[in-house]
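Novice: how would this look folded up:
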Amino acid sequence: MQAFLLGDRYNIPKSVYDLFRVSGVAHIVAISGFHIGIVTYMIMIILRIFPIPRAAQYILAMVFLVLYAFMTGSHPSAIRATIMAIVFLASFLLERENETINALAIAALILLLINPLNLFDVGFQLSFLSVLFIILFYPLIMDFFYKLAPGLTEKNYPSVQKKTPRAIQLQIARFALQSVAVSVAAYLGVGVLATYYFQIITPIVIIANLIVMPIASWIIFLGMGLLIVGLLAPFLAYAFAGCLIVSLNVMIVIVFLCVQIPGAYFQIKNFPLWGVFL
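Specialist: Numbering: from 1, shown residues only. Here you go, the predicted model:
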C-alpha cells in the first residue's frame, strides 16, 4: 500500500515485484500521472464539500499536490505529473485553454533546471517518453478503433446518460478501447528503450494494463479513503483495510496469471544502443 500511495517500494517482496516487472506493470507502484490524476480528482471532490470559492479550491489543490509530491520523494515522474496537473488546474483558474505538449515541456524544463543530469535518468526518460507518445498517438489509435467500430464514436456517447443496458455496454467498450489505446501508445514510446535498459520485452503489458489499471485505481481510492476514515472515524478503518487486502491479493493473482501466458515476456541480452535509435 505504501508503494501505491507514497511510491515506497522497499517493502514489496522481490518475488512480487519481479511479477510486476516481467508483466510490464511495475509503473503502477511508482508515483506517476496515473496516481497524481486520481489524487487530484479526490482532492477536488473533498474541497467541493466546503463552501469556498472555486478559485480558492484550485489554489488549495495545487498546494496539496506540491506537498504530496514532496511526500512521495520528489521523483522525476511524480514532479512531472504534479507540474502537469498544476498547469492543468491553472488553465481553469486563468480561463485559458490547456495545451498538454506545453505542459509536458514546462515540466521537463523545470526538472532539467533543477538538475540537468535528470536527462540521463532512466525514470525521467521513460516517464516523459511515455506521456509524449500518449499525447501524440492516443488520438490516432482511437481514430483507428473508431474506423473498425463506428458504433463507438462520440455521436453515440450521449446515449450513455440513459443508463440502458446498451448504453452501459457502449460505455464499457469505449473504456476498454481507451485503455488499450493508452497502453499501446505508451508502449510505442518506451518499449524499445525499456528493452535496452532492462533487457526484457513484455508484450503482455497491453492485456495486463487493461485488467490491472482499474484495480489499481480502486486500490488508490481505498488507500486515500483509509487515511481519511482513519482520522475521522477510526472504527471504519478495518473495513477499508480488509477491502484493500483483498484487492491487492486479487491484483497479484491476476498479474501472476498474465505472466503464465506463453509469450508474455522475452529476455533480450545485450540489446545494442544503435537498435534503440533504429
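
Novice: could I have the host helix or strand of Ile59 exported to PDB, CA atoms only?
Specialist: Using DSSP states H and E, Ile59 sits within helix 54-71. C-alpha atoms of helix 54-71 as PDB (Å, rounded to 0.1, in the frame of the first residue of the first chain):
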ATOM      1  CA  ARG A  54     -13.800  27.900  -7.000                       C
ATOM      2  CA  ALA A  55     -10.600  29.800  -7.400                       C
ATOM      3  CA  ALA A  56      -9.500  29.000  -3.800                       C
ATOM      4  CA  GLN A  57     -10.300  25.300  -4.500                       C
ATOM      5  CA  TYR A  58      -7.900  25.300  -7.400                       C
ATOM      6  CA  ILE A  59      -5.200  27.100  -5.500                       C
ATOM      7  CA  LEU A  60      -5.500  24.700  -2.500                       C
ATOM      8  CA  ALA A  61      -5.500  21.700  -4.800                       C
ATOM      9  CA  MET A  62      -2.200  22.900  -6.300                       C
ATOM     10  CA  VAL A  63      -0.700  23.400  -2.800                       C
ATOM     11  CA  PHE A  64      -1.800  19.900  -1.700                       C
ATOM     12  CA  LEU A  65      -0.400  18.400  -4.900                       C
ATOM     13  CA  VAL A  66       3.000  20.000  -4.200                       C
ATOM     14  CA  LEU A  67       3.000  18.700  -0.700                       C
ATOM     15  CA  TYR A  68       2.100  15.200  -1.900                       C
ATOM     16  CA  ALA A  69       4.900  15.300  -4.500                       C
ATOM     17  CA  PHE A  70       7.400  16.000  -1.700                       C
ATOM     18  CA  MET A  71       5.800  13.300   0.500                       C
END
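
Novice: what's that helix in contact with?
Specialist: Under the contact criterion CB atoms under 8 Å, 6 or more residues apart in numbering, helix 54-71 has outside partners 6, 31, 36, 39-40, 43-44, 47-48, 52, 78-79, 82, 85-86, 89-90, 92-93. The C-beta positions use only the backbone N, C-alpha and C, and glycine is treated the same way.

Novice: got the buried residues for the top helix by length along the chain?
Specialist: Using DSSP state H to assign secondary structure, the helix with the most residues in the chain is helix 165-198. Neighbour-count burial for helix 165-198 flags 167, 170-171, 174, 177, 179-195, 198 (criterion: 16 or more other CB atoms under 10 Å).

Novice: Just the ones in helices from the contacts of helix 54-71, please.
Specialist: Per DSSP H, helices hold the following members of those: 6, 36, 39-40, 43-44, 47, 78-79, 82, 85-86, 89-90, 92-93.

Novice: so what secondary structure elements neighbour the following helix or strand past the longest helix of the chain?
Specialist: Later in the chain than helix 165-198, the nearest helix or strand by DSSP H and E is strand 200-201. Applying 3 or more CB pairs under 8 Å, 6 or more residues apart in numbering; DSSP states H and E, one finds that strand 200-201 contacts helix 165-198, strand 266-267.

Novice: Sheet-wise, list the partners of strand 200-201 with their directions.
Specialist: Take DSSP bridges as the rule and strand 200-201 pairs in its sheet with strand 266-267 (antiparallel).

Novice: Give me the residue at the spatial middle of this protein.
Specialist: Phe34 (2.2 Å; CA atoms, centre = their mean).

Novice: From Tyr238, how far out is that one?
Specialist: 27 Å (CB to CB, to the nearest Å).

Novice: Same question for Ile36.
Specialist: Per CB to CB, Ile36 is found 28 Å from Tyr238.

Novice: Of these two, give the one with the bigger neighbour count.
Specialist: Using other CB atoms under 10 Å, the more surrounded residue of Ile36 and Tyr238 is Ile36, with 24 against 11.
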